[in-house]
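Engineer: Give me coordinates for this.
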Amino acid sequence: MTRIFHGLRAAGARLAVFAAVALVALAGDALAGDSPANDVTGGCGICHGAERVKHALSVHASVDVGCVACHGGDVTVTDDKDRAHAKDKGFRGVVARKDVPLACGGCHEDVRKMRPFALRTDALAAYRTSHHGRAVLERGETDAAVCTDCHGVHDLRRVRDPLSPANRLNVPATCGRCHGDPVLMKRHGLPSNAPAEYAKSVHGRRLADGEPGVPSCADCHDAHAATPAGATEVANVCGNCHAEPRDRFRESPHFAASKNGRMKQCVTCHGNHAITHPGYALFDSVEESATGGASNENAGDNGGATRCLDCHAADAPESRAPQVARAFGASLREADRAIREAELAVVRVAAAGYFVDEEREFLARARRGLVAAVPLTHACNASQVDSALSRVHSLAQYATEGCQKKVRQDRDRRIFGSAAGGVLLLVSAFLSLRRRMKGKL
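Structural biologist: Numbers count the residues shown, from 1 in each chain. Here you go, the predicted model:
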């Protein structure tokens with residue numbers, strides 16, 4: 001037993017020695033891998049360890065862009081700070097905030113450098129036109145955003161990376177760091193409620209849910225050329241997504257009014273950052289609450305919006321605007337009600353065991369027709385809206401009548417079946433009676 005114990009102890013000692021040798025070998029490999037010949041951070045990481053760890057996670061590290069690209073110096077020097085930071089090696093140290101756009105642009109506007117990565121090269125040119133760029137590059141202000149505020153510094157990631165502050169899902173929070181700061185915004189005479197309003201808007205809620213195609217700050221204001229849309233440009237910005245309302249708006253009297261400065265196109269009626277799903281109350285109500293008054297989801301939420309009658313209620317008696325607005329609201333509600341009643345009829349008939357595929361298709365087309373009719377109101381043309389809603393009513397009626405026909409046909413079959421069964425019973429009874437009478441004779 002003692003011999004076994006001593007044997008195990010010896011084996012353990014040999015294993016410990018082997019492990020120590022292996023660790024030394026691995027450490028040697030690691031040190032070799034960290035040498036300037038193999039690491040784009042080179043000797044910088046000896047002093048700047050935290051920055052080196054962050055850089056290792058960045059997109060720059062993955063394409064061998066190291067410290068000297070931004071800071072200059074000599075990464076091959078590991079034992080002399082003064083030689084590593086020598087001016088004749090282009091050392092410039094920490095890049096001043098006002099110089100960041102030009103430092104980044106040194107590479108990112110170079111077509112030859114960006115071509116292999118299919119990256120745009122106009123970011124700096126666009127930034128120069130923005131409020132941020134003019135403030136930093138022309139006036140020397142340090143409050144305005146520079147590249148590193150939105151993309152990160154040493155741990156800069158690809159925009160499609162979910163951890164990037166410039167990822168579309170993170171853009172509202174990134175912009176909100178500055179634009180939601182009351183002290184900073186007050187210093188520049190800007191409101192600080194835009195991020196909070198956007199978070200509550202239909203756009204903000206759907207972006208937070210991960211819905212694709214929903215606009216964030218950069219989609220409306222641009223990313224590098226960030227600038228508020230002018231009063232006559234709003235329809236074009238919104239129209240990038242909402243093409244049908246934009247085209248119809250151009251046909252309306254409102255478009256001419258926007259050209260001479262009497263309204264701000266889409267923003268006047270729908271709001272901007274706090275934009276919500278427009279409801280039918282937008283057309284004909286000045287009394288319903290800011291959250292709308294209808295129970296149906298299509299009635300929407302009018303928070304932050306201006307209703308038609310807020311502007312047109314005081315129009316001259318001969319003006320048609322209030323009447324047209326009220327007619328739009330009433331017509332849309334009536335069409336929506338017709339669809340919902342048809343839907344109830346289909347549900348009841350389906351629950352009774354009938355096939356209602358055709359009726360459901362009519363309902364789907366009716367609902368799509370109603371959705372398509374709403375943008376037509378932007379032209380303020382009652383005949384266009386009435387024509388579209390007439391088709392909606394017809395489709396809803398087809399669905400309702402189809403259900404009624406199925407119930408009626410089934411009822412008729414039952415009545416006919418019952419009557420036929422009764423006749424057969426009478427004939428059978430008559431024949432049976434006749435046979436019995438013949439038997440007695």
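
Engineer: Near D64, how many other residues are there?
Structural biologist: Neighbourhood size, D64 [other Cβ atoms under 10 Å]: 9. All C-beta atoms are positioned from the backbone trio N, CA, C, and that covers glycine.

Engineer: Likewise for P215?
Structural biologist: P215 has 20 nearby residues by other Cβ under 10 Å.

Engineer: these two touch, right, it and H203?
Structural biologist: Yes - counting by Cβ atoms under 8 Å, P215 sits close enough to H203 to count as a contact (5.6 Å).

Engineer: Over to P322. Which of the three states is it?
Structural biologist: Three-state assignment for P322 (DSSP: H, G, I helix; E, B strand; the rest coil): helix.

Engineer: And for it, the neighbour number?
Structural biologist: Number of residues near P322 (other Cβ under 10 Å) recorded here: 17.

Engineer: Identify the residues contacting it.
Structural biologist: P322 makes contact with 308-309, 312-313, 315 under the criterion Cβ atoms under 8 Å, 6 or more residues apart in numbering.

Engineer: Buried subset of those residues as a PyMOL selection?
Structural biologist: To isolate the buried subset of the contacts of P322 in PyMOL, counting by 16 or more other Cβ atoms under 10 Å, use the following:
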select buried, resi 308+309+312
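
Engineer: Now go through the contacts of P322 and say which are in helices.
Structural biologist: 308-309, 312 (DSSP state H).

Engineer: Looking at the residues you listed, spot the one nearest A321.
Structural biologist: H312 (4.2 Å; Cβ to Cβ).

Engineer: Which residue, neighbours along the chain excluded, lies closest to that closest one?
Structural biologist: Sequence neighbours aside, A321 is the residue nearest to H312 in space, at 4.2 Å (criterion: Cβ to Cβ, 6 or more residues apart in numbering).

Engineer: mind checking how far the one you found is from V371?
Structural biologist: Distance from A321 to V371, counting by Cβ to Cβ, to the nearest Å: 24 Å.

Engineer: out of those two, which sits in the more crowded spot?
Structural biologist: The neighbour comparison of A321 against V371 (other Cβ under 10 Å) goes to A321, with 16 against 11.

Engineer: Could you pull out the helices in the stretch 1-150 of the chain for me?
Structural biologist: Using DSSP state H, counting those that start in this stretch, the helices of the stretch 1-150 of the chain run over 2-33, 44-47, 49-56, 59-62, 68-71, 81-84, 100-108, 111-114, 123-129, 131-133, 147-151.

Engineer: hmm, back to that, JSON lines for the ones in helices among the contacts of P322, including pLDDT?
Structural biologist: JSON lines is the format used below for these (pLDDT from 0 to 100):
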{"residue": "C308", "pLDDT": "86"}
{"residue": "L309", "pLDDT": "82"}
{"residue": "H312", "pLDDT": "82"}
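
Engineer: pLDDT averaged over stretch 162-171, what's the number?
Structural biologist: For stretch 162-171, mean pLDDT rounds to 95.

Engineer: got the end-to-end distance for it?
Structural biologist: Terminal residues of stretch 162-171 lie 11 Å apart, using Cα to Cα, to the nearest Å.

Engineer: do stretch 105-119 as well
Structural biologist: 12 Å.

Engineer: What are the buried residues along it?
Structural biologist: 105, 108-109.

Engineer: between those residues, which is nearest R134?
Structural biologist: Lowest distance from R134 to the buried residues of stretch 105-119 (Cβ to Cβ) belongs to G105, with 15.1 Å.

Engineer: any chance of the contacts of P322 in TSV, plus distance to A235?
Structural biologist: Output for the contacts of P322, formatted as TSV (distance: Cβ to Cβ, whole Å):
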residue	distance to A235
C308	18
L309	22
H312	20
A313	24
D315	23
